[in-house]
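K.L.:
A predicted structure for the sequence below; I have some questions about it.
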Amino acid sequence: MILAEVFSSKDHFNRGVDELAYMYFRDCFNNRLSAIYYIVTLEFRLLCSQVQPQ
């Protein structure tokens, strides 16, 4: 009986952690996408400026 209560509370705790992690990573992922896009375009422009003949 006690084991069942422990497992059910553990599942509830894990579910809460999963929801928090999902919210956090969703915001992080949106910021990360824009950061990656910015860095990639920046590197691409740097690469293009190096490739151009002087």
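P.N.:
Structure received.

K.L.:
Only C-alpha atoms from now on, for both contacts and neighbour counts.
P.N.:
Fine.

K.L.:
helices or strands next to the helix or strand where L20 lies in the packing?
P.N.:
L20 is part of helix 2-51, with elements assigned from DSSP states H and E. Helix 2-51 sits against no helix or strand, with contacts defined as 3 or more Cα pairs under 8 Å, 6 or more residues apart in numbering; DSSP states H and E.

K.L.:
which residue is nearest the middle of this structure?
P.N.:
F29 (3.7 Å; Cα atoms, centre = their mean).

K.L.:
remind me which residues of the protein are low pLDDT?
P.N.:
1-10, 12, 52-54 (pLDDT under 70).

K.L.:
change it to 80
P.N.:
Within the chain, the stretches with pLDDT under 80 are 1-32, 51-54.

K.L.:
okay, now F25: neighbour count?
P.N.:
By other Cα atoms under 10 Å, the residues close to F25 number 13.

K.L.:
Likewise for N30?
P.N.:
Look at N30: counted by other Cα under 10 Å, it has 11 neighbours.

K.L.:
Would you check how far apart it and A21 are?
P.N.:
14 Å (Cα to Cα, to the nearest Å).

K.L.:
about what we covered before: the helix holding L20: how far from the chain's middle?
P.N.:
Helix 2-51 sits 2 Å away from the centroid of its parent chain (Cα atoms, centre = their mean, to the nearest Å).

K.L.:
Also stretch 41-54?
P.N.:
Computed by Cα atoms, centre = their mean, the chain-centroid distance of stretch 41-54 equals 29 Å.
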